[in-house]
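*Asks:* got a predicted structure plus its sequence, pasted below:
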Amino acid sequence: MTPSLPSPMRNQLLAMLPEADYSQIASDLQYVDLSRGAFLARAGEPIDHIYYLTSGIGSLVATTPESNKAEAGIFGSEGYVPTSAATGVELSAHDVIMQIGGDAYRMNFASFRRGMEHNRNFNRVMIRCIEAFSIQLTYTAVSNAVHGVDERLARWILMCHDRVPGDQIPLTHEFISLMLAVRRPSVTTSLHILEGNGFIRSLRGQIIIRNRPALEEFARDAYGKPEAEYRRLMIGLF
């Protein structure tokens, strides 16, 4: 028996579209299964598809000319990528990869642009999401500049927790090191601090949330503002 596919409505943007507007783009959506490490876009290459996650977590990764990498933004079922497609940009400026495998529905570039040009409410949701995502990117830059590794890690874990269904987050020290652009020993030390305070439990390839309110308090102003701005911009749009 073939298992049923997840509903596109598990993506928050698709779910908030009025029924008549969703019906205009529904036939353009194609289900895809995305494994960890899958590329949704590559820097300098054409944007073939726009992805709407229904589960899993992806990262927008910036790379310097000397191949140094760092995560610029994180997304799950609350958004879509690459957001630059909404402006008509045809080449991706960044790598977009899955950090936790999941499912998605995707739309080819031409169909997406047609929706942007002829579906007013679809256009409105996509543009609003660009603003919400840009706020997250701004606060990532601020956090990288003013917060220590412990607070940045706490913020990042909270953001991942927001995008998974339970309290278990499948993440390795190596991957966290890459995303935060810090050395792996620094990640290990910070995880021990968070675990010692009873906020999390760190296992091989997995982080378990034990006390989220305390973790939020520890993160201080590194976490919360972009999340509040997303709610302000996106919730109750229609």
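*Replies:* Yep, it's here. Numbers count the residues shown, from 1 in each chain.

*Asks:* where do the strands of this protein begin and end?
*Replies:* Listed from the start of the chain, the chain has strands (DSSP state E) covering 30-34, 39-41, 49-53, 57-63, 69-75, 95-100, 102-108, 168-169, 200-203, 206-209.

*Asks:* any chance of those in CSV, plus distance to I235, mean pLDDT and mean neighbour count?
*Replies:* C-beta here means a position set from N, CA and C on the backbone, and glycine is covered the same way. As requested, the strands of the chain are arranged in CSV below (distance: least, Cβ to Cβ, whole Å; pLDDT from 0 to 100; neighbours: other Cβ atoms under 10 Å):
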stretch, distance to I235, mean pLDDT, mean neighbour count
strand 30-34, 26, 98, 15
strand 39-41, 25, 98, 22
strand 49-53, 18, 99, 24
strand 57-63, 21, 95, 21
strand 69-75, 17, 92, 20
strand 95-100, 24, 96, 21
strand 102-108, 21, 98, 22
strand 168-169, 24, 96, 16
strand 200-203, 28, 96, 17
strand 206-209, 24, 97, 17
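
*Asks:* as CSV, the ones you listed with distance to V81 would be great.
*Replies:* Rendered in CSV, the data for the strands of the chain read as follows (distance: least, Cβ to Cβ, whole Å):
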stretch, distance to V81
strand 30-34, 11
strand 39-41, 6
strand 49-53, 5
strand 57-63, 6
strand 69-75, 6
strand 95-100, 5
strand 102-108, 9
strand 168-169, 20
strand 200-203, 27
strand 206-209, 24
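
*Asks:* nearest to S23, of those strands?
*Replies:* Shortest separation from S23 across the strands of the chain is recorded for strand 102-108, at 14.2 Å, computed as Cβ to Cβ.

*Asks:* sheet-wise, list the partners of the closest one with their directions.
*Replies:* The strands beside strand 102-108 in its sheet (DSSP bridges) come out as strand 30-34 (antiparallel), strand 49-53 (antiparallel).

*Asks:* any chance of those strands in a markdown table, plus distance to Y139?
*Replies:* Converted to a markdown table, the strands paired with strand 102-108 look like this (distance: least, Cβ to Cβ, whole Å):
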| stretch | distance to Y139 |
| --- | --- |
| strand 30-34 | 26 |
| strand 49-53 | 21 |
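
*Asks:* do you know which of those lies nearest S84?
*Replies:* Each of the strands paired with strand 102-108 was scored for nearness to S84 using Cβ to Cβ, and the closest is strand 49-53 (9.8 Å).

*Asks:* could you give the angle of that closest one to strand 57-63?
*Replies:* Here strand 49-53 runs at an angle of 130 degrees relative to strand 57-63 (axes from the mean of the first three to the mean of the last three Cα atoms, to 10 degrees).

*Asks:* elements contacting the lowest-mean-pLDDT helix or strand in the chain?
*Replies:* Considering only helices and strands, the least confidently modelled element of the chain by mean pLDDT, DSSP states H and E is helix 173-180, at a mean of 86. Helix 173-180 makes packing contacts with strand 69-75, helix 149-162, helix 184-196 when contacts are defined by 3 or more Cβ pairs under 8 Å, 6 or more residues apart in numbering; DSSP states H and E.
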